[in-house]
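Give me a model of this one.
(4 chains)
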Protein chains: 2
Amino acid sequence: MYISDRVRPSCTECPIRHRAVCARCDEDELAILDNIKSYKSFKAGEPILWRGDELTYLASIVSGVGSLGKTMEDGRIQMVGLLFPSDFIGHPGRAQIEFDVVAVTDVTLCCFKRKPFEDLVASTPHVAQRLLEMALDELDAARDWMVLLGRKTAREKIATFIEMLIRRQSLSDPSSEALKVVLPLTREEIASFLGLTLETVSRQLGAMKKEGILHFSDRRQFEVADFDALHIATGDDADGGPLF
Amino acid sequence: MYISDRVRPSCTECPIRHRAVCARCDEDELAILDNIKSYKSFKAGEPILWRGDELTYLASIVSGVGSLGKTMEDGRIQMVGLLFPSDFIGHPGRAQIEFDVVAVTDVTLCCFKRKPFEDLVASTPHVAQRLLEMALDELDAARDWMVLLGRKTAREKIATFIEMLIRRQSLSDPSSEALKVVLPLTREEIASFLGLTLETVSRQLGAMKKEGILHFSDRRQFEVADFDALHIATGDDADGGPLF
DNA sequence: CGCCGGTTTGACATACTTCAAGAGAAGTGG
DNA sequence: CCACTTCTCTTGAAGTATGTCAAACCGGCG
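Next up, the predicted model:
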């Protein structure tokens, strides 16, 4: 689906209506949001925000995939999160952003002016509660990713990454076949998400292909041929299944 | 300061009154909290909660240091956070906890029964707002730690860890000298926080001692003799100072 | 066609882990 | 107060997963 820069679709038809910050809003609250929102689009590869930027807008991802990351002074990069449709960008109550936000694919945002949005958060419990819920979910996800970064092997990282992709892709597009995976990221971007180098990512994907776990139809597209093997490779449970 | 299990000090004299989840509460709200709170103490090393445990209480750390971590099925451990006085344990709106919580030193908690606390969150914006603020701060901290886990060298990890300790220790005890550091964790615990092995931690601390950056008075206690060198060692800015 | 970004593959380097032994502290019980 | 055990920590030697460097490949596009 493509949404132009100018069009500002009504919230009631919004594809992320039921999962974004506005999920719990009633009609009146949506009307307020409608007044302070605007759509913005970015081409794949374009920066959306740099660390330290003034946050004049907060935003929800409507479509596409973005990344959240940090660059060290000597150039090392660590991605700290992927942003899928319905994910939120920016901290209400904070004037600046602490991370770089980049459009990985073409991205469309639903932007809210910061000040009026913060007033809304302060005055309507619905938005504040939803925001808290989302923040706590992200916190759990971030901590799980810390386990991956700190303790998992390259192979486990790749397998976990693929499982995560499947989960999120089927969440934002329930029509997609579960086992057909399209990588939205380059090898280098995957590497910076997993705390690896692009060469290691390439080798591990190659190995899983050779072992018949993944069937590539394209360098960016594959099918999971052996889901159990993939899951075992994540290291998430030693015996390959929930302990009933 | 020691607070016994039975005593339930008034909120007005609470040492974490102005930083904890109750920071923004007025008298009436404190009165409600007073009714649903109870103190609990744990000895160093005792588990406070295991992953998957029913969350009948939510809590604030009053004194001591706790850890938040995850254990993989094969025994690998990754600590995902340290809990200092005023830090909060548990997600309102979630019946179970996703991580293991352990008392690193002797710990005293101020526990709130979950159900009434959640009602309070739903009804009073003060608590909800403070909770959101704290969650967002923790989210930023978790993401910064992801950079450490994914990209930093062993030496940079140790240096960053020490700087973080100094910051948090002086925050929760402003009387403490900034450069006197007491390690609340064993080498093994430090390792599991930094995604390293205890041997590597020991060697890196040894190296910094030999280089004169740290002066140990005890295996768990040292002074930072060369703060600049420590900061440069973190890798956080290549030239050793903010780029003003 | 020839360039170009993304990717693969190989050979080599190394930071960190693993395995192993021993030295200090700290607690316990006689 | 002294053996005795038990942790915690240090130090060394050897192994390995992953990083680094470099070359070649591939598909797309002007």
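
Tell me how far A:Arg220 lies from A:Ala44.
Using CB to CB, to the nearest Å, one obtains 12 Å as the distance from A:Arg220 to A:Ala44. C-beta here means a position set from N, CA and C on the backbone, and glycine is covered the same way.

and the top helix by length along chain A, is it in reach of chain B?
Across chain A, the longest stretch assigned as helix under DSSP state H is helix A:125-151. Yes. Counting by CB under 8 Å from any CB of the partner chain, chain B is contacted by helix A:125-151 at A:125, A:128-129, A:131-133, A:135-136, A:138-140, A:142-147, A:149-151.

Repeat that for stretch A:41-61.
No. Using CB under 8 Å from any CB, we find that stretch A:41-61 stays clear of chain B, coming within 10.5 Å at best.

Any idea which residue is closest to the centre of chain A?
Nearest residue to the geometric centre of chain A (CA atoms, centre = their mean): A:Leu83, 2.3 Å.

leaving aside the residues next to it on the chain, what's closest to that one?
A:Gly66 (3.8 Å; CB to CB, 6 or more residues apart in numbering or on different chains).

Show me what from chain A comes close to DNA strand C.
A:183, A:186-188, A:198-199, A:201-203, A:205-206, A:219-220 (CB under 7 Å from any atom of the strand).

Separate out the buried members of those.
When those are checked for burial by 16 or more other CB atoms under 10 Å in any protein chain shown, the buried set is A:Leu183, A:Arg187, A:Val201, A:Ser202, A:Leu205.

give the contact list for the third one.
What that stands for is A:Val201. A:Ala154, A:Ile158, A:Arg187, A:Ile190, A:Ala191, A:Leu194 (CB atoms under 8 Å, 6 or more residues apart in numbering or on different chains).

Local confidence estimate at the nearest residue to A:Leu183 once chain neighbours are set aside?
Ranked by CB to CB, 6+ apart and with sequence neighbours excluded, the top spatial neighbour of A:Leu183 is A:Arg220, at 4.7 Å. With respect to pLDDT, A:Arg220 scores 96.

I'd assumed A:Val182 was in contact with A:Arg220.
Yes. A:Arg220 lies in contact with A:Val182 (CB atoms under 8 Å); the separation is 6.4 Å.

Now flag whichever of the buried ones among the residues of chain A next to DNA strand C is closest to A:Arg114.
Nearest to A:Arg114, judged by CB to CB, of those is A:Leu183 at 33.5 Å.

Which positions in chain A make contact with DNA strand D?
Proximity of chain A to DNA strand D, by CB under 7 Å from any atom of the strand, involves residues A:Thr153, A:Ala154, A:Arg155, A:Gly195, A:Leu196, A:Thr197, A:Glu199, A:Thr200.

Sort out for me which of these are in helices.
A:Ala154, A:Arg155, A:Glu199, A:Thr200.

before we move on, back to that, show me which of the residues of chain A next to DNA strand D are buried.
A:Ala154, A:Arg155, A:Gly195, A:Leu196, A:Thr200.

May I have the residues that are in contact with the residue lying closest to the third one once chain neighbours are set aside?
Using CB to CB, 6+ apart and skipping the chain neighbours, the partner closest in space to A:Gly195 is B:Gly150 (3.0 Å). Applying CB under 8 Å, 6+ apart to B:Gly150 gives the contacts A:Gln78, A:Leu149, A:Leu194, A:Gly195.

Can you tell me which of those is closest to DNA strand D?
Nearest to DNA strand D among those: A:Gly195, at 6.3 Å, using CB to the nearest atom of the strand.

Quick check: which ranges of chain A have low pLDDT?
For chain A, residues meeting the criterion pLDDT under 70 lie at A:1-7, A:178, A:238-244.

where along chain A do the strands fall?
A:37-42, A:47-49, A:57-63, A:66-71, A:77-83, A:88-89, A:100-103, A:107-113, A:180-182, A:214-218, A:221-224 (DSSP state E).

Skip the chain neighbours and tell me the closest residue to A:Ala95.
A:Leu55 (5.9 Å).

Angles on the backbone of that neighbour, please.
In terms of degrees, to the nearest 10, the main-chain angles of A:Leu55 are phi -90, psi 90.

distance of it from A:Ile48?
11 Å.

For stretch A:52-64, measure first residue to last.
Using CA to CA, to the nearest Å, the end-to-end distance of stretch A:52-64 comes out at 24 Å.

now that stretch: how far from the chain's centre is it?
In terms of CA atoms, centre = their mean, to the nearest Å, the centre of stretch A:52-64 is set 13 Å apart from its chain centre.

Run through who's touching that stretch.
A:1, A:3, A:14-16, A:20-22, A:39-40, A:42, A:49, A:83-92, A:94-97, A:103-114, A:117.

Quickly list what A:Val182 is bridged to.
A:Gln221 (DSSP bridges).

Give me the number of neighbouring residues for it.
13 (other CB atoms under 10 Å in any protein chain shown).

about what we covered before: pull out the buried residues from the contacts of stretch A:52-64.
A:3, A:14-16, A:20-22, A:39, A:42, A:49, A:83-92, A:94, A:97, A:103-104, A:107-112, A:114, A:117.

Pick out the most distant pair among the buried ones among the residues of chain A next to DNA strand D.
Farthest pair in these, by CB to CB: A:Arg155 and A:Gly195, 13.5 Å.

could you dump the ones in helices among the residues of chain A next to DNA strand D to a markdown table with distance to B:Ser176?
Formatted as a markdown table, those follow (distance: CB to CB, whole Å):
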| residue | distance to B:Ser176 |
| --- | --- |
| A:Ala154 | 41 |
| A:Arg155 | 44 |
| A:Glu199 | 46 |
| A:Thr200 | 43 |
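
so what's A:Leu132 closest to, chain neighbours aside?
B:Leu132 (4.7 Å).

thought that neighbour was touching A:Ala135?
Yes. B:Leu132 is within contact range of A:Ala135, at 6.3 Å (criterion: CB under 8 Å).

what's the closest of the buried ones among the residues of chain A next to DNA strand D to B:His231?
Looking across these and measuring by CB to CB, the closest to B:His231 is A:Gly195, at 23.1 Å.
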